[in-house]
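Undergrad: what shape does this take:
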Amino acid sequence: FKEKPISVFAFELPDYDKVTEWSNNEISAKDTYELWTELEQYFKIFGDLQSKVFYEELILYVFESWLAEILNTVFYIAIFGSWGAGKTVLAEMATGVAKHGYYSSNTSISFVGRTLDRQKLSLFIDELDSISGNKESDEDTDLYSLIRQGYRKGAKFSRTNKNTLDPEFFDVYGAKIFTLHGNLEPALTQRSLPLMTTTSNDARLPVISTIKEIYSRPLYTDLFLWYMENIIILNEQITPINVIVNKDHNNIRQGLYDALTNSLEKRLLEQLNNMYGRNAELAFIIARIGVLLERCQKMNSSQSLILPFDINTIIKEAFESKLEIEQERMEVNEMGILHNILISEYKRLSKDTDYVTVDGYFKVAQKDILDLFNRALHKHEIYNIPTSKMQGALREFGFEAPNSKKRMKVKLEGEAEKTTKMALIYNSVVLRKLGLAIEKLNNGVTEISAEILIKATETPQETEILNYISNITCKLCGLSVNPQEFNKDKECCIYCCS
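TA: Model prediction:
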């Protein structure tokens, strides 16, 4: 009410007569079970996807759009496929039943930013990869930046008005779906669930897709009524997270985690605990949506309290599919080239104890990897890749100081003796990101207890032990450090202790 009323809505409105009947208590909203079943049928009538979990992801996206205001973050949907594979139809279908769904053919940043801010849209952008996303176009760069920021509530997209030079701030949070023919940039890949489409052999689909609105319009109204009946109650049931005061940051971290996940069942929590980074965040969003949908069903249904899906199975299958799609698409770009080199070197050298740390992780000289990477890029006619981009690519696979990148004695290709160089260490995080089995390697060293190792740091005369075991294992990060980098009181490395 602070500004002028919206005169033209960017999205379709629900059916007026049906909303009037509902407001007069003449009809009730459908329950979650019914809506899930009808959405599944809707997507299967007009779509032809190869995996059941792709349909489930689209349904979750639709519900997410209606629940976004009581979530802190949202996931995006990225639909990949060749020309004519039905990408646009699927995205149009999802947008047709999403809350305030809008297909933006106008990618002007001022239009998109203002409309998202004012009308709280669920945005659909077709062929996102046709937008360059580079410095050749300020508009394109701004649009990518806007989309990157729009997954988290409260994040503002800022820009300078070209005419007035005044700063402008847009609230761009909300569900978003986009189609792509090529690759998606890494930052958006991490925030999205990918779907793959293929050209259907069913000649009926292109014809019937022209009238999909006769199904989407009634469904949209039903979802609107479901939203009106549930959203306020769901919001009231969300327990505020309080600030925890404690001297130990680990206790605070655990307390906050427990408060956020206390509504998740045990097996779902176990699965979440095995995920890391952005995938863990995406999985938590899906889990939260699952919990909210279950609450709605229990509140409104006079029949079944069981929903027609298992959120635990959806998360498992969705992220297996996500990994498979990302690895398949990664094979044709720089990240794929580096991925193949990192795996190839691991398989080639990991049985050689010269390339294994004291605590059983594979190590390799960063110089050797970057040399191989450079040569492979040249074979693909990719030149002038800056060092910063190469380092960024390594970070994408988990190589970060001090845990998995540090100076230590390591063997260079073609040299007989080890020298102190920057080494890349394949710890559990790196192995997981590379899709390799998480296992300790034979390092050819007999285990010695922590007590002897600590004693060795206290008694320099024990040179034989120090020469035999030059590193000590940190109990917190699990990696080996030099005795000078070891805090014997806390039994951890100086990096973790600090």
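Undergrad: would you map the strands across this protein?
TA: For the chain, applying DSSP state E gives strands covering 76-80, 101-103, 122-125, 156-160, 167-171, 176-180, 192-196, 362-365, 405-411, 418-426, 472-473, 480-481, 486-487, 492-493.
Undergrad: test my guess that residue 237 contacts residue 295.
TA: Yes. If you go by CB atoms under 8 Å, residue 237 and residue 295 touch, sitting 6.7 Å apart. No exception for glycine: its C-beta is placed from N, CA and C like everyone else's.
Undergrad: let me have the strands of the chain in JSON lines, extended by mean pLDDT, distance to residue 248 and mean neighbour count.
TA: Output for the strands of the chain, formatted as JSON lines (pLDDT from 0 to 100; distance: least, CB to CB, whole Å; neighbours: other CB atoms under 10 Å):
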{"stretch": "strand 76-80", "mean pLDDT": "94", "distance to residue 248": "36", "mean neighbour count": "24"}
{"stretch": "strand 101-103", "mean pLDDT": "94", "distance to residue 248": "46", "mean neighbour count": "21"}
{"stretch": "strand 122-125", "mean pLDDT": "94", "distance to residue 248": "41", "mean neighbour count": "24"}
{"stretch": "strand 156-160", "mean pLDDT": "87", "distance to residue 248": "33", "mean neighbour count": "15"}
{"stretch": "strand 167-171", "mean pLDDT": "90", "distance to residue 248": "36", "mean neighbour count": "15"}
{"stretch": "strand 176-180", "mean pLDDT": "93", "distance to residue 248": "39", "mean neighbour count": "25"}
{"stretch": "strand 192-196", "mean pLDDT": "93", "distance to residue 248": "36", "mean neighbour count": "24"}
{"stretch": "strand 362-365", "mean pLDDT": "95", "distance to residue 248": "32", "mean neighbour count": "25"}
{"stretch": "strand 405-411", "mean pLDDT": "92", "distance to residue 248": "27", "mean neighbour count": "18"}
{"stretch": "strand 418-426", "mean pLDDT": "93", "distance to residue 248": "28", "mean neighbour count": "18"}
{"stretch": "strand 472-473", "mean pLDDT": "64", "distance to residue 248": "23", "mean neighbour count": "24"}
{"stretch": "strand 480-481", "mean pLDDT": "60", "distance to residue 248": "23", "mean neighbour count": "24"}
{"stretch": "strand 486-487", "mean pLDDT": "68", "distance to residue 248": "17", "mean neighbour count": "20"}
{"stretch": "strand 492-493", "mean pLDDT": "68", "distance to residue 248": "14", "mean neighbour count": "22"}
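Undergrad: nearest to residue 233, out of those strands?
TA: strand 122-125 (22.0 Å; CB to CB).
Undergrad: and the closest one, how far out from the chain's middle?
TA: Distance of strand 122-125 from its chain centroid, counting by CA atoms, centre = their mean, to the nearest Å, is 18 Å.
Undergrad: tell me the helices and strands packed up against that strand.
TA: helix 87-97, strand 101-103, strand 176-180 (3 or more CB pairs under 8 Å, 6 or more residues apart in numbering; DSSP states H and E).
Undergrad: between the longest one and strand 192-196, what angle do the directions make?
TA: Yep, that's helix 87-97 we're talking about. Calculated by axes from the mean of the first three to the mean of the last three CA atoms, to 10 degrees, helix 87-97 forms an angle of 130 degrees with strand 192-196.
Undergrad: hmm, who's touching helix 87-97?
TA: If you take CB atoms under 8 Å, 6 or more residues apart in numbering as the criterion, helix 87-97 is touched by 12, 39, 42-43, 46-47, 49, 58, 61-62, 77, 79-81, 101-103, 122, 124, 126, 177-181, 195, 197, 205, 209, 212-213, 216-217, 219-220, 223.
Undergrad: so for that helix, what gets flagged as buried?
TA: Residues of helix 87-97 classed as buried by neighbour count (16 or more other CB atoms under 10 Å): 87-97.
Undergrad: more crowded one of residue 237 and residue 295?
TA: Neighbour count, other CB atoms under 10 Å: between residue 237 and residue 295, residue 295 has more, with 16 against 12.
Undergrad: ok, that one - contacts?
TA: Neighbouring residues of residue 295 by CB under 8 Å, 6+ apart: 234, 237.
Undergrad: look up how far residue 283 lies from it.
TA: The gap separating residue 295 from residue 283 is 19 Å, by CB to CB, to the nearest Å.
Undergrad: let's have the buried residues of helix 87-97 in CSV, adding distance to residue 7 and pLDDT.
TA: Putting these into CSV (distance: CB to CB, whole Å; pLDDT from 0 to 100) gives the following:
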residue, distance to residue 7, pLDDT
87, 33, 92
88, 29, 92
89, 31, 94
90, 31, 95
91, 27, 95
92, 25, 96
93, 28, 96
94, 27, 97
95, 22, 97
96, 23, 96
97, 25, 97
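Undergrad: shouldn't residue 280 be in contact with residue 271?
TA: No. Counting by CB under 8 Å, residue 280 does not reach residue 271; the two are 10.0 Å apart.
Undergrad: those two: who's more crowded?
TA: Between residue 280 and residue 271, counting by other CB under 10 Å, residue 271 is the more crowded of the two (19 against 15).
Undergrad: residue contacts, the more buried one?
TA: Counting by CB under 8 Å, 6+ apart, residue 271 makes contact with 283, 312, 315-316.
Undergrad: PyMOL command for the buried members of the residues you listed?
TA: Only the buried members of the contacts of residue 271 enter the following PyMOL selection, criterion being 16+ other CB under 10 Å:
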select buried, resi 283+312+315
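Undergrad: put together JSON lines for the contacts of residue 271, with pLDDT and distance to residue 327 on each row.
TA: Below are the contacts of residue 271 laid out as JSON lines (pLDDT from 0 to 100; distance: CB to CB, whole Å):
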{"residue": "283", "pLDDT": "95", "distance to residue 327": "18"}
{"residue": "312", "pLDDT": "94", "distance to residue 327": "23"}
{"residue": "315", "pLDDT": "95", "distance to residue 327": "19"}
{"residue": "316", "pLDDT": "94", "distance to residue 327": "17"}
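Undergrad: out of the contacts of residue 271, which is nearest to residue 242?
TA: residue 283 (24.4 Å).
Undergrad: quick check: the gap between that closest one and residue 193.
TA: Note on residue 283: its distance to residue 193, by CB to CB, is 10 Å.
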